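K.L.:
Make a model of this:
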Amino acid sequence: MAEKKFARNIITKYREITPEMKKMMGESPVVSTPMLWLDDKVAKGAFYTECHWLWSMDSSKPWHTEKAHTHDFDEVLGFLGSRQENPHDLNAEIELWIEDEKYTITKSCLVFVPGGTKHLPITFKRIDSPIVFFTEGNGTEYKRATEDKPS
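P.N.:
This is a model prediction of the structure:
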């Protein structure tokens, strides 16, 4: 049977997990599962999207992700609570930096970061119930620039 025309556009897996990613996941107090990855290499013309389940964490060890950086593209960060009785309550506490402003996130939300805007780190302070964390950008591949490494 011939493959359907848009079968490649239904994404059901994450990209290959590199040794660097495995190391970072092993050092993290956050128990997570990388779920889905999409970019131009997966589906021609697709914008970058990444999705993770964050199951729990050792809250005695707040976890800081990545360095502050910028992108040439706009980006959306999503944090979604999973409790059916109140999915708007994130049941987590997350600190997020945008430029030089710190935001404390405790509700399910989408965060729009315009291209060229410095953002991160994210600090996970506590995760009381599983949350979905995703990022997506209107660029076809994930690229970033940090102060010590231009894109």
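
K.L.:
now the helices for this protein?
P.N.:
For the chain, helices defined by DSSP state H occupy the ranges 19-27.

K.L.:
Quick check: which ranges of it have low pLDDT?
P.N.:
Applying pLDDT under 70 to the chain flags residues 1, 143, 145-151.

K.L.:
hmm, try it at 80
P.N.:
Along the chain, the model assigns pLDDT under 80 to residues 1-2, 66, 140-151.

K.L.:
what are the ranges of the strands in it?
P.N.:
With strands called from DSSP state E, the chain shows them at 30-38, 48-57, 63-65, 75-81, 89-98, 101-107, 109-113, 119-127, 131-137.

K.L.:
So which residues make contact with the second one?
P.N.:
To tie it back to what came earlier, the one meant is strand 48-57. Strand 48-57 is contacted from outside by 29-39, 63, 73, 92, 124, 126-127, 130-137, 139-142, using Cβ atoms under 8 Å, 6 or more residues apart in numbering. All C-beta spots, glycine's among them, are computed from the backbone N, C-alpha and C.

K.L.:
still on that earlier bit, can you redo the strands of the chain as a markdown table with distance to Arg8?
P.N.:
Shown next, in a markdown table, are the strands of the chain (distance: least, Cβ to Cβ, whole Å):
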| stretch | distance to Arg8 |
| --- | --- |
| strand 30-38 | 11 |
| strand 48-57 | 15 |
| strand 63-65 | 30 |
| strand 75-81 | 23 |
| strand 89-98 | 33 |
| strand 101-107 | 34 |
| strand 109-113 | 27 |
| strand 119-127 | 31 |
| strand 131-137 | 18 |
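
K.L.:
Now those in JSON lines, please, with extra columns for mean neighbour count and distance to Lys5.
P.N.:
JSON lines is the format used below for these (neighbours: other Cβ atoms under 10 Å; distance: least, Cβ to Cβ, whole Å):
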{"stretch": "strand 30-38", "mean neighbour count": "16", "distance to Lys5": "18"}
{"stretch": "strand 48-57", "mean neighbour count": "18", "distance to Lys5": "21"}
{"stretch": "strand 63-65", "mean neighbour count": "16", "distance to Lys5": "38"}
{"stretch": "strand 75-81", "mean neighbour count": "19", "distance to Lys5": "28"}
{"stretch": "strand 89-98", "mean neighbour count": "18", "distance to Lys5": "39"}
{"stretch": "strand 101-107", "mean neighbour count": "12", "distance to Lys5": "40"}
{"stretch": "strand 109-113", "mean neighbour count": "15", "distance to Lys5": "31"}
{"stretch": "strand 119-127", "mean neighbour count": "18", "distance to Lys5": "37"}
{"stretch": "strand 131-137", "mean neighbour count": "19", "distance to Lys5": "24"}
